[in-house]
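Asker: this one's structure only:
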DNA sequence: CTATCAATGTACGAACTAGTACGTTAGCTA
DNA sequence: TAGCTAACGTACTAGTTCGTACATTGATAG
């Protein structure tokens, strides 16, 4: 997410639209994730930037459009990560477990993104709805899941009657909750869901859960 | 959550501290859930009340304390519901499924509560941390889960090595995500997770998932 | 070398928003 | 029925916050 690094241009170039825009987006991402849409302050974003508030309005139009752009970029990052998904060479069980683990890792690695999604839901996904880039784009992961499910069912390994979207929801649920609700959960139950010591525990718990669900003996219960 | 109903007092009594406080809390709950902590407006809460802003400060001290009180009351509602949990007469498998279903139903029935929890997490659970009533109160459901898990393991039905807190997290994840993220999920994947037509589907999906996880044949994979 | 425009900075304003000072009254009690 | 106090209302303020009018400058084309 930190797309702005120092100069890279030894000559003291001062005007650089791309860098200014990227820096605003980086700072805005952190500020919106930190405080929510209404809690975020345009002046604060500007202050944490090497440019001024004027530039935010010059490039993005306003607070609302800035937030939308922040969201678009954040979703772009997962899409990219999902593009690089390479699990279909594995057998269906291993492939699903690997996919779940990658989803797990990605959620843990991008808490700011998780917060942005929470915030966007508080506002009824109105920014996604108003964005051309984000309307019903689906997700590359869905296609991967679809194909694995098909293979798994053909081979008789998978007995569950789910489609890719619902399985994606199931996997995301666990990953999302753990990161998004860690504060209230920790405060109420005294357990830190993102404690590094429990990292592997939860990672395999997710895989076990999904595999158990997909391969369960349906006749039994 | 609507604890304020009309008069109930035929004599035109105007001053009623309890009713005024309850009405403020009802309205505040909706307003905070609607717009988030910073998005909520004290003036708006007052306007939707039969009293004035002065009373909010008179009874609650300020916006922050009002939000804390709203949270305390909201958590009180689930605790009460969980007190009434009566599933231990069932066999372990049926008991866990029933518990999952009740959790599922409760989440669906209280979307405002879910939103408040999301909002509180955005703010690092600072209000829960600062509340005497909410610090590490745990949950009645946890004790129930603990006992069912024990019975299930003794009988050999449950093979999974989980404790009650983690199982509670697993169940809550699914229920919470479905309600909290329905807007972004719907906008991105075109599927409404709270569509009444899919209600039963997701309800049994949750039960299947939890039972499959708990009873999976651990030797196999 | 200079004209031009994208890029940038400064300073300000209008509207909003949490919170409060001060005054009033209902209803209970002695 | 007089008096007291919890309960309530009005009007205001100090500070904040998004947004903009206006001025300026760096870099590039010709």
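Answerer: In hand now; what should we look at? These figures come from a predicted structure and were not determined experimentally.

Asker: can you pull the contacts of residue A:193?
Answerer: Residue A:193 makes contact with A:178-179, A:181-182, A:185-186, A:202, B:169, according to Cβ atoms under 8 Å, 6 or more residues apart in numbering or on different chains. Using the backbone N, CA and C atoms, a C-beta is placed for each residue, glycine as well.

Asker: swap the cut-off to 6 Å and go again
Answerer: Counting by Cβ atoms under 6 Å, 6 or more residues apart in numbering or on different chains, residue A:193 touches A:178, A:182, A:185.

Asker: do residue A:73 as well
Answerer: When contacts are taken as Cβ under 6 Å, 6+ apart, residue A:73 is in contact with residue A:25.

Asker: Residues of chain A that sit close to DNA strand D?
Answerer: When proximity is defined as Cβ under 7 Å from any atom of the strand, chain A approaches DNA strand D at A:13-15, A:40-43, A:53-54, A:57, A:62-64.

Asker: how about 6 Å then?
Answerer: Counting by Cβ under 6 Å from any atom of the strand, chain A comes close to DNA strand D at A:13-15, A:41-43, A:53-54, A:57, A:62-63.

Asker: How confident was the prediction at residue A:11?
Answerer: Here the pLDDT value assigned to residue A:11 is 28.

Asker: Please disregard the earlier target; I meant residue A:204.
Answerer: Per-residue pLDDT puts residue A:204 at 98.

Asker: and if you look at residue A:125?
Answerer: Per-residue confidence (pLDDT) for residue A:125: 97.

Asker: again, but for residue A:3
Answerer: Residue A:3 is assigned 47 on the pLDDT scale.

Asker: what does residue A:6 give?
Answerer: At residue A:6, pLDDT is 38.

Asker: Pipe the contacts of residue A:193 into JSON lines and attach distance to chain B and pLDDT per row.
Answerer: Shown next, in JSON lines, are those (distance: Cβ to the nearest Cβ, whole Å; pLDDT from 0 to 100):
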{"residue": "A:178", "distance to chain B": "7", "pLDDT": "98"}
{"residue": "A:182", "distance to chain B": "8", "pLDDT": "98"}
{"residue": "A:185", "distance to chain B": "7", "pLDDT": "97"}
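
Asker: Of those residues, which belong to helices?
Answerer: Counting by DSSP state H, the part of these found in helices is A:178, A:182, A:185.

Asker: on that earlier part again, just curious, which of the contacts of residue A:193 is nearest to residue A:208?
Answerer: Of all these, residue A:178 has the smallest distance to residue A:208: 14.9 Å, by Cβ to Cβ.

Asker: Nearest to the spatial middle of chain A, which residue is it?
Answerer: Among the residues of chain A, the one closest to the centroid is residue A:113, at 5.1 Å (Cα atoms, centre = their mean).

Asker: Could you check the pLDDT of that residue?
Answerer: We have a pLDDT of 98 for residue A:113.

Asker: any idea what sits nearest it, other than its immediate chain neighbours?
Answerer: Nearest-residue entry for residue A:113: residue A:74, 4.8 Å, with adjacent residues in sequence omitted and distances by Cβ to Cβ, 6 or more residues apart in numbering or on different chains.
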